[in-house]
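*Asks:* sequence and computational prediction follow.
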Amino acid sequence: MSVGRQNMSPLETSTYASWAKMKERCNNPNCKDFKNYGAKGIKVCALWSSYDLFVKQMGVKPTMGHTIERKKNSLGYFKENCVWATRKEQARNKQNSPGIRQSASGIQGISWDVRRKKWKVSIKRNGKKIQVGRFHELCIAEQALKNATELQQPKG
């Protein structure tokens with residue numbers, strides 16, 4: 001399903017439009033919605049800069065009535081945080097979700113560094129906190145945490 005194909009189905013075309021709008025509101029300061037997304041640190045995972053990789057992870061939207069939703073609004077767009085949802089489902093989720101601190105990733109060992117506007121990863125080893133690094137994208141921070149955790153596991 002390559003970008004630029006003329007034979008896209010209506011659902012594929014609508015999926016492409018959702019993908020393009022998601023990138024626009026997170027990356028383009030001239031976009032009217034940037035203030036609610038990109039300006040607040042909401043980013044699109046680097047893998048999703050490719051439409052083909054986005055569709056490989058998310059699939060084509062189920063119906064024309066579905067849009068991409070972030071499960072945790074304080075986090076960016078990446079596979080584990082996104083689902084296709086109807087507007088009705090999104091409205092219900094907003095009503096039922098408790099407020100999430102902007103610094104909360106929901107993942108132990110990852111927090112938002114407000115001053116540097118990056119995700120900070122740290123692990124504990126022998127009772128000491130060790131900083132792994134800071135990352136612009138949560139999906140990359142998660143991978144760094146996973147790698148650091150695997151390195152500290154004893155080999156057996």
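*Replies:* Happy to help now that I have it.

*Asks:* list the buried residues in the biggest helix by length in the chain.
*Replies:* In the chain, assigned by DSSP state H, the helix with the most residues is helix 10-27. The neighbour-count check on helix 10-27 (16 or more other Cβ atoms under 10 Å) flags E12, S14, T15, Y16, S18, W19, M22, K23, E24, R25, C26 as buried. Any C-beta I mention is one placed from the backbone N, CA and C, and that applies to glycine too.

*Asks:* out of those, who's nearest T67?
*Replies:* S18 (6.1 Å; Cβ to Cβ).

*Asks:* quick check: bridge partners of the residue nearest to that closest one when sequence neighbours are not counted?
*Replies:* Using Cβ to Cβ, 6 or more residues apart in numbering and skipping the chain neighbours, the partner closest in space to S18 is I68 (5.4 Å). Note on I68: beta-bridge partners by DSSP bridges are W84.

*Asks:* again, but for Q131
*Replies:* Beta-bridge partners, per DSSP bridges, of Q131: S122.

*Asks:* burial count for it?
*Replies:* Counted with other Cβ atoms under 10 Å, residues neighbouring Q131 total 10.

*Asks:* ok, now which ones touch it?
*Replies:* K120, V121, S122 (Cβ atoms under 8 Å, 6 or more residues apart in numbering).

*Asks:* among the residues you listed, who's most crowded?
*Replies:* V121 (27 neighbours).

*Asks:* R134 is in contact with that one, correct?
*Replies:* Yes: between V121 and R134 there is a contact under Cβ atoms under 8 Å: 7.4 Å.

*Asks:* domains in the protein, by residue range?
*Replies:* Split into domains by automatic domain parsing, the chain comes to 10-96, 110-152.
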